[in-house]
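Enquirer: just need the structure, nothing else, for what follows:
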Amino acid sequence: MSSRAWEDIPAPVRRAVEKETGKVSSSVSPSDGRNSDFLATLHSERGRFFVKGVLAGSRRERMQRIEAKSNPVLPHSVAPRLLWEAEADGWSLLGFEHVAGRHANLEPGSPDLPLVADTAVTMAPALAHCSLDLPSAAEQWAWSSPWRRLSKQPDGKLGLWDRRHLDELVERERQGIDWVRGDSLVHGDLHPLNILVADRARVVDWAWSSLGAPWLDATSLVLRLVADGHTPEQAEEWARRIPAYRDAPDRGITAFSVLVLGMWTYRGAFPRLTEVARRYVRHRLAR
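Expert: Now for the predicted structure:
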C-alpha cells in the first residue's frame, strides 16, 4: 500500500504540518514508502523536512510511537534527528531532518560497504544498555515462534529440506529466543532501503525497534549481503570487522538465522529472501 500524496491528506493535517515547517511549496514521496499513510520530503519556507504520518489508533501508529521514542538516543552520525511531533484530525505526524542520500548498495565490491560497516561499528556500543521502555526482541520471537506454528500446521510453505529438519529447526528456534535476549536498542529491519548513503551511511525507519542482543542487526546485514551476491563466507568475513558480530556467540548467530528463516517461510511474502535465508542456515548447520 503506497502512501497518500500531500494534496490528499486532510486540510487540518496539512495545517498542523505547516505550523512546524512553514508554507509547503512542494512534496516528493519516495517510491518505496509502504509503512506510513503519508511519507514525503517537504520543501517549505523553513527548509526541507522528511515527514511521516499515520492514522491514529492503527498498528502503524504504535510502530511510529516506537520510532519517536527511540530517536533521542540515536547518535546523529547514525540516524536523522526527529525535530517535531504533531497530532491533528486523527493523524499522528513526525518531522525529521532531511538527509540527502541514496539507498545502500551491498553488492560485492560496492564502495558503500565500508561506510555501512562503519555505521554498524558505531551503533552497537552507542545503543548498548538502553533504558527505554521498548518491546523485547525475545518476547516478540516467543510470541511469533514461526517454526512451532509451521510444525503444527504443515502446508505448502515448507520445502523438502525444511520438512526433513523440522524438529531441529523447532528446537533451534526455542534456543534462539533466549539467544536474542538483551538490553541493546536494535533496529530490527536493517536492509538497503533503510540505509541512506552519502558521505556516510545513516539508518532510517526505526519503527521495528526493540531491545535485544547487540549483534542482531549485524547478523541481519549478513543475510542481506548474501541476498546481494556475497557467499555466506564472504558476508561473514565482512561482518567480522564489526566487534559486536565478532564477539557474538556462534550458536546465537545460527539460532537467530533459523528464526529469520522461519519468519520468512511462515509469512510466504518474500520467496527470494526465504531461499537466501535457507541457503545461509544450511551453511551454518553444514547441511
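
Enquirer: in the sheet, who's paired with the closest residue to residue 79 other than its chain neighbours?
Expert: Setting aside the residues directly before and after it, residue 79 is nearest to residue 203 in space (Cβ to Cβ, 6 or more residues apart in numbering), at 5.4 Å. Every C-beta, even on glycine, is put in place using the N, C-alpha and C of the backbone. Counting by DSSP bridges, residue 203 is bridged to residue 195.

Enquirer: pretty sure residue 203 sits against residue 193.
Expert: No: at 10.9 Å, residue 203 does not count as touching residue 193 under the criterion of Cβ atoms under 8 Å.

Enquirer: counting neighbours, go ahead and name the busier of the two.
Expert: Shown here are residue 203 and residue 193; by other Cβ atoms under 10 Å, residue 203 has more neighbours (22 against 15).

Enquirer: the residue nearest to residue 79 and residue 115: what is the separation?
Expert: Separation of residue 203 from residue 115 (Cβ to Cβ, to the nearest Å): 11 Å.

Enquirer: what comes up buried for the strand or helix carrying residue 122?
Expert: For residue 122, the element it lies in under DSSP states H and E is helix 112-126. Buried residues in helix 112-126, counted by 16 or more other Cβ atoms under 10 Å: 112-113, 115-117, 119-124.

Enquirer: can you check stretch 99-115 too?
Expert: Across stretch 99-115, burial judged by 16+ other Cβ under 10 Å covers 101, 103-104, 106, 110, 112-113, 115.

Enquirer: what's the span of it from first residue to last?
Expert: Taking Cα to Cα, to the nearest Å, the span from the opening residue of stretch 99-115 to its closing residue is 16 Å.

Enquirer: the chain: helices as residue ranges?
Expert: 11-21, 59-70, 112-126, 137-144, 146-152, 160-164, 166-179, 216-227, 232-239, 243-246, 250-267, 271-285 (DSSP state H).

Enquirer: hey, which of the ones you listed is tucked in deepest?
Expert: The highest mean neighbour count among the helices of the chain, using mean count of other Cβ atoms under 10 Å, belongs to helix 216-227: a mean of 24.

Enquirer: wait, which of the helices of the chain is closest to residue 94?
Expert: Nearest to residue 94 among these is helix 59-70 (5.8 Å), distances taken as Cβ to Cβ.

Enquirer: and that closest one, what does it pack onto?
Expert: strand 47-55, strand 82-88, strand 91-97 (3 or more Cβ pairs under 8 Å, 6 or more residues apart in numbering; DSSP states H and E).

Enquirer: contacting residues for the residue nearest to residue 79?
Expert: Residues counted as contacts of residue 203 (Cβ atoms under 8 Å, 6 or more residues apart in numbering) are 78-79, 119, 123, 187, 190, 194-196.

Enquirer: residue 23 now?
Expert: With contacts defined as Cβ under 8 Å, 6+ apart, residue 23 is in contact with 44-45.

Enquirer: again, only this time at 10 Å
Expert: Residues counted as contacts of residue 23 (Cβ atoms under 10 Å, 6 or more residues apart in numbering) are 44-46.

Enquirer: so how far is residue 131 from it?
Expert: As for residue 23, its distance to residue 131 is 39 Å (criterion: Cβ to Cβ).

Enquirer: likewise residue 17?
Expert: Per Cβ to Cβ, residue 17 is found 31 Å from residue 131.

Enquirer: no further queries at this time; thank you.
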